[in-house]
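> The following comprises the amino acid sequence and a computationally predicted model.
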Amino acid sequence: MPKDAEFDLDRYLRASGRVDLSSVDWPAVSVHRLDGAEARCLAYMMDIESHTVIFLRDLLATRAAFQPDVTAFLSCWVYEELWHGEAFSRFLGEAGFTLAPDREAVAGDSPYPTKAGRNAWIRRTLAGSSAVSHLATMAGSALAGDDFVAVHMTWGALNELSTLTGYHALIERTKHPMLVQLLRAIIKDERRHFAFYRAQARLRLARSARARRLTRWTMQHLWAPVGTGVRPQEETDFVVATLFGHGGGARRVEELDATIRELPGLEGTSLASDARRAALRRMTPSRAASLAGDEQLARAGLFRSSHDHPPSEEQAPAGFATTASAA
């Protein structure tokens with residue numbers, strides 16, 4: 001494979017590591033109130049970042065496993081994403097929130113990994129659909145050969161750019177200065193992740209007409225916003241509506257689409273804009289308003305730590321317990 005001039009993989013591998021959170025004023029996190037909508041967005045982001053190892057499992061079931069540059073990147077990528085999830089976990093804990101099923105209280109001196117019960121719960125709930133997805137990925141890779149790697153690199157590029165765009169949107173929305181510090185630190189990693197996926201997608205799409213056709217069809221028919229299926233559809237729609245449903249949301253999403261349209265074979269697509277419109281159709285204004293307040297946090301599996309008696313797994317909030325049916 002020709003050396004990619006867009007992304008210096010050697011430099012990335014040597015610099016890779018745990019996200020640097022030295023800029024975050026942790027003692028001040030609890031001084032500023034984190035509103036319920038932002039807490040729900042952070043919980044969603046935490047769950048998705050912590051679920052990255054499952055995405056890696058699917059990637060390594062494809063021809064990507066035979067590409068040393070891809071697997072070298074993925075080895076560092078999954079480690080960095082783990083610490084992004086831990087950073088969000090700690091922030092929610094310092095801000096006074098706990099999460100189902102065990103309402104673990106997370107602070108700076110908490111043992112890692114945190115939210116082990118929650119992550120295990122999500123993965124058990126998704127076990128059936130996750131196995132089907134894994135087998136489908138393996139079958140698709142076997143049929144498409146090396147061109148299937150182009151699909152995954154394009155999928156990854158759109159997911160990473162969506163994540164980046166969402167973090168920037170949350171920075172614009174929040175009035176919590178420590179949250180801004182946290183997101184800016186994580187964004188530095190996410191920019192590099194997106195750069196790798198985009199560079200790989202561009203190279204692989206440019207050299208194969210078959211890869212372009214396969215990737216375009218897959219993205220238009222199978223792609224959904226990052227986290228769809230891992231969390232209930234209601235939670236995905238809530239995050240989309242909160243971050244992109246008003247103000248400059250439509251403009252941000254269109255800029256995202258414009259970047260993806262620069263990839264060979266994806267000219268004229270509007271993947272993120274189409275997903276945004278679909279989410280907003282499901283999340284009507286009255287429904288969005290009813291789900292935005294603190295009184296709805298428990299439905300999303302999120303609690304202010306002053307509340308009493310954590311629920312057992314059997315008493316999980318209805319909105320969180322529907323994860324399997326949403327997958």
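Now that the structure is in, tell me what you want to look at. Numbers count the residues shown, from 1 in each chain.
> if I look at Ala95, how far off is Leu182?
11 Å (CB to CB, to the nearest Å). For the C-beta atoms, the positions are set from N, CA and C on the backbone; glycine is no exception.
> quick one, which of these two is more surrounded?
Leu182 (27 against 21; other CB atoms under 10 Å).
> Can you point out the buried residues in the host helix or strand of that one?
Applying DSSP states H and E as the criterion places Leu182 in helix 177-206. The neighbour-count check on helix 177-206 (16 or more other CB atoms under 10 Å) flags 178-179, 181-183, 185-187, 189-190, 192-205 as buried.
> for it, packing partners?
helix 9-15, helix 68-94, helix 147-173, helix 209-222 (3 or more CB pairs under 8 Å, 6 or more residues apart in numbering; DSSP states H and E).
> mind putting these in JSON lines, distance to Asp58 and mean pLDDT included?
Output for these, formatted as JSON lines (distance: least, CB to CB, whole Å; pLDDT from 0 to 100):
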{"stretch": "helix 9-15", "distance to Asp58": "22", "mean pLDDT": "96"}
{"stretch": "helix 68-94", "distance to Asp58": "11", "mean pLDDT": "97"}
{"stretch": "helix 147-173", "distance to Asp58": "8", "mean pLDDT": "96"}
{"stretch": "helix 209-222", "distance to Asp58": "13", "mean pLDDT": "95"}
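> which of those helices is buried the deepest?
helix 147-173 (a mean of 22; mean count of other CB atoms under 10 Å).
> May I see the buried residues of stretch 219-238?
Quick answer for stretch 219-238 (16+ other CB under 10 Å): 219, 223, 225-238.
> Please read off the pLDDT at the residue positioned nearest the centre of the chain from the model.
Computing the C-alpha centroid of the chain and ranking residues by CA atoms, centre = their mean puts Ile48 first, at 4.4 Å. pLDDT for Ile48: 96.
> What of Glu6?
For Glu6, pLDDT reads 78.
> Next one: it relative to Ala72, how far apart?
Taken as CB to CB, the span from Glu6 to Ala72 is 16 Å.
> Now render the helices and strands packed on helix 177-206 as a markdown table, adding distance to Ala105.
Formatted as a markdown table, these follow (distance: least, CB to CB, whole Å):
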| stretch | distance to Ala105 |
| --- | --- |
| helix 9-15 | 33 |
| helix 68-94 | 6 |
| helix 147-173 | 23 |
| helix 209-222 | 39 |
